[in-house]
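Chemist: I'd like to go over a predicted model; first the sequence, then the structure.
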Amino acid sequence: MDLLIFIDFIRQYGYIALFFIMAIGLFFFPVPNEVLLMSGGLLATTKLLDPIPTFLVLYSSILLHGTLLYIIGQVIYHHSNLDKNKISVWYARAEKGRELLDRYGLKAASFSYFFPFIRHAVPFSIGMSGVTYRLFALVGFSSAFIWLGIYFFIGFYYGRSITDWTTFIQHLSYSSVIIVIVVIFLQIVKRKKQRQRRML
């Protein structure tokens, strides 16, 4: 779908359209979430949207995203409790989520939004582990606020000097993919070094 279609949708329906586009995009759009947030910052430099309401709408879509993942994890956790004796797959995953929290504490939630894929997995795992929503929201959404602020500001700052939105977003997508690949590569190297140390 062309970017101009989204812009036209936002032009017609304003912040409601922005909310639905971002909420759905965080789950399904084939672009990094950071690009969506920077696009929101970029849109805030136009006559279509104002900066503060745009930021709040983006943050609301992130809250919805994390809350839905947490609720799904909670539902699966409670369902799996019904057949603990059978050691269901979901209950095993819930236990892995608990192990993650036991090992890293709520640091896993506090930094999850800064890493692709993990930002989807951690709210889900925390929901499965039985941690209260209040505690999850306090830690997870605080870091989400900072994460959004960084990328929104980047989009807002550069949006004032950009005329070709499509090219800009393509460059951001390529840059984000490169960053993700570098992070994954560094993690693989780190794990290999840890395994070598254990073998020695």
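Modeler: That came through fine. The shown structure was predicted, so the numbers you read here are calculated from the model rather than taken from an experiment.
Chemist: can you list the weak-confidence ranges in the chain?
Modeler: Along the chain, segments meeting pLDDT under 70 span 1-4, 30, 79-102, 104-106, 108, 159-173, 176, 199-200.
Chemist: Can you show me the helices along it?
Modeler: For the chain, helices defined by DSSP state H occupy the ranges 3-13, 15-28, 33-43, 51-81, 89-104, 107-112, 118-129, 133-159, 165-199.
Chemist: now for the third one, which elements pack on it?
Modeler: Helices and strands touching helix 33-43, by 3 or more Cβ pairs under 8 Å, 6 or more residues apart in numbering; DSSP states H and E, are helix 15-28, helix 51-81, helix 133-159, helix 165-199. Every C-beta, even on glycine, is put in place using the N, C-alpha and C of the backbone.
Chemist: switch the cut-off to 10 Å
Modeler: Helices and strands touching helix 33-43, by 3 or more Cβ pairs under 10 Å, 6 or more residues apart in numbering; DSSP states H and E, are helix 3-13, helix 15-28, helix 51-81, helix 133-159, helix 165-199.
Chemist: Any chance of a markdown table for those helices, columns distance to Ala121 and mean neighbour count?
Modeler: Shown next, in a markdown table, are the helices and strands packed on helix 33-43 (distance: least, Cβ to Cβ, whole Å; neighbours: other Cβ atoms under 10 Å):
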| stretch | distance to Ala121 | mean neighbour count |
| --- | --- | --- |
| helix 3-13 | 27 | 14 |
| helix 15-28 | 13 | 17 |
| helix 51-81 | 8 | 18 |
| helix 133-159 | 12 | 17 |
| helix 165-199 | 14 | 12 |
